[in-house]
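**Student:** No letters, just coordinates:
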């Protein structure tokens, strides 16, 4: 086993976020469930776009956000995901490449358009997501650059990939390549509704193939079909080398076979938009992990990275996170 | 003279902002002058875009930002500006229309692409702008919807229009129509470099055709070629019915023929990006003015509106300003 040249390679849906504020009545009128991610087709994407307010457009996608966060902290990264050759696809490529990530997945020259996620942010800073997966549904095992995966200490996969059958196959192929190369596999459960859609598959996956699991309270409770976080954590303990459960303003809990560590959230002045909080927590955590930091320090870096992006629209850092870490250590 | 059905119609460059963080070295390396607006061609726009970091894309343009701000405060607005039929043009139309503004200028079916402004935000929250005017240069007198102009209590013009000869003609046509209908004409000087490019024309314009002038310290000093704000204000007094001079964290000074009123800035926790601060000051001010508010109240509303948008990337409000005003009055 050679030394990893990258810290983390992320595999996920390459999605451009289109963000606007909305009130609860808007969500109700359009049949949206607050806080969830709903899959939509292109026609509905157009309808929602026409109805929503003035937007901010920025690259997103769960694993892509995590990769951008790790890069912003100073980590070396790669990304695998599918866009189409169109204006949004070009913007996505620009943005992920501009973070310093290696992104060599070719853009599709035909088929569905680049994916977009229409995000409504309510005054309580919650985000409600409507995702048109577009070109992402054609991500398949052939898109997995085996050398890129082998070169990274951690391969990070988003649970959302399970929503597209060929992407799920790509996911498994990547996990296999990573483990064969002696690397670690990390998974984010993404969304409680996504967990409900794929519960049994996720459980098998976590038990057999995941070294590092990221989930929030709702997701972990959905996985074990319990309303008790305590119960869920008890069932989780020992299933993975590390599980990090995020609890919004209550911080996070790191679960290893030996111990459970609670780490407080990083204080935030004014929460504007929680989109990507989990993605950035994973970024901070994995940045620490790949540098051999102790668990509580990994969690602290996760909370710090999350705190930056919930202060503004969009899930990509607007302050270089490495500078933020330095300013707090000084 | 019939009652105005709109509060303000804005006429300006229809520009989409493409925003990224950068350090001072980036500005130097690319020959940019911090804090200024530089006109660039499409090729240079592409070069800068490729070199800049991960972006946030949102509608901008000085007068467009002001119109969005007035709408967000609850005012009735219209906008005149030129986009092309392309992805950015569609986004611009969506955004201005979503604010509630009437926007009936048809999109160009050929010629240059929709305008974009590549904005680099440095850690000191200053913005440095590189504008490819694209389709805006073809805004001409024929684009001025005379009925729309007549229907508004105030016609608001951005000084940047002077950078394109036919837009300047459109500007004059609009001012003439507004005055003939007994309406008021407001002008923003836009940028000190823009004032230097068109000083004599601006001076004549202010003396003869402008009722309400917006400018910051640097712009007003450039107009009168003086390094003293006191001098500039003395020369300004009496030239217009109202002049509002913004002074960043020092608030603003309202100058009328009879008096000079100093109003403090609205306190801001953390300044992220000053793009659009002047545009939103004008929005708050004109919202108050068209409701007959006293001068100090107009200035206070201006400062409040500006304080919202400098807390995030982009120059369009992310919190409904009407709600912000209510929350502070409560």
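**Tutor:** Noted; the coordinates are in hand. Please read these numbers as outputs of a predicted model, since none were measured by experiment.

**Student:** OK, contacts around residue A:5?
**Tutor:** A:76, A:151, A:152 (Cβ atoms under 8 Å, 6 or more residues apart in numbering or on different chains). Where you see a C-beta, it was placed from the backbone N, CA and C, and this is true even at glycine.

**Student:** Hmm, residue A:79 and residue A:139 touching each other?
**Tutor:** No: counting by Cβ atoms under 8 Å, residue A:139 stays clear of residue A:79, with 11.7 Å between them.

**Student:** Now list whatever residues contact both of these two.
**Tutor:** residue A:105.

**Student:** re earlier: of the contacts of residue A:5 - the most surrounded one?
**Tutor:** residue A:152 (24 neighbours; other Cβ atoms under 10 Å in any protein chain shown).

**Student:** Now do the phi/psi pair for that one.
**Tutor:** phi -110, psi 140 (degrees, to the nearest 10).

**Student:** Surely it and residue A:80 touch.
**Tutor:** No: Residue A:152 lies out of contact with residue A:80 (Cβ under 8 Å); the separation is 10.4 Å.

**Student:** tell me, what's touching the two both at once?
**Tutor:** Jointly contacting residue A:152 and residue A:80 under the rule Cβ under 8 Å, 6+ apart are residue A:9.

**Student:** in the sheet, who's paired with the spatially closest residue to residue A:40 that is not a sequence neighbour?
**Tutor:** In this structure, residue A:40 finds its nearest non-sequential neighbour in residue A:130, 4.9 Å apart by Cβ to Cβ, 6 or more residues apart in numbering or on different chains. Beta-bridge partners for residue A:130, by DSSP bridges, are residue A:38, residue A:118.

**Student:** Contact partners for residue A:130?
**Tutor:** A:32, A:37, A:38, A:40, A:44, A:45, A:48, A:117, A:118, A:119, A:120.

**Student:** For residue B:30, see how far away the third one is.
**Tutor:** So the one you mean is residue A:38. From residue A:38 over to residue B:30 the distance is 42 Å, taken as Cβ to Cβ, to the nearest Å.

**Student:** and what of residue A:2?
**Tutor:** Residue A:2 is 38 Å from residue B:30, by Cβ to Cβ.

**Student:** what pLDDT does the spatially closest residue to residue A:162 that is not a sequence neighbour get?
**Tutor:** Take residue A:162 and drop its neighbours on the chain: the residue closest to it by Cβ to Cβ, 6+ apart is residue A:198, 4.5 Å away. The model reports residue A:198 with a pLDDT of 93.

**Student:** my read: residue A:198 touches residue A:160, true?
**Tutor:** No: with contact defined as Cβ under 8 Å, residue A:198 does not reach residue A:160; the gap is 9.9 Å.

**Student:** Comparing those two, which residue is more hemmed in?
**Tutor:** Between residue A:198 and residue A:160, residue A:160 has the larger neighbour count (other Cβ under 10 Å), namely 26 against 19.

**Student:** Quick check: closest non-adjacent residue to the more buried one.
**Tutor:** residue A:190 (4.6 Å).

**Student:** can you check residue A:24 too?
**Tutor:** Distance criterion Cβ to Cβ, 6+ apart; nearest residue to residue A:24, sequence neighbours excluded, is residue A:122 at 6.0 Å.

**Student:** any idea how far chain B is from the one you found?
**Tutor:** The gap separating residue A:122 from chain B is 12 Å, by Cβ to the nearest Cβ, to the nearest Å.

**Student:** For that residue, grab the count of nearby residues.
**Tutor:** 17.

**Student:** Need phi/psi at it.
**Tutor:** phi -90, psi 160.

**Student:** before we move on, what about residue A:154?
**Tutor:** Backbone phi and psi, for residue A:154 under degrees, to the nearest 10, turn out to be phi -130, psi 130.

**Student:** So among the contacts of residue A:130, where is pLDDT lowest?
**Tutor:** For the contacts of residue A:130, the pLDDT minimum is residue A:37, 89.

**Student:** Spell out which residues sit in contact with that one, please.
**Tutor:** So, once contact is read as Cβ under 8 Å, 6+ apart, residue A:37 ends up touching A:117, A:129, A:130, A:131, A:160, A:190, A:191, A:193, A:194.

**Student:** what do you get if the cut-off is 10 Å, keeping everything else the same?
**Tutor:** Listed by Cβ atoms under 10 Å, 6 or more residues apart in numbering or on different chains, the contact set of residue A:37 reads A:62, A:117, A:119, A:127-131, A:160, A:163, A:190-194.
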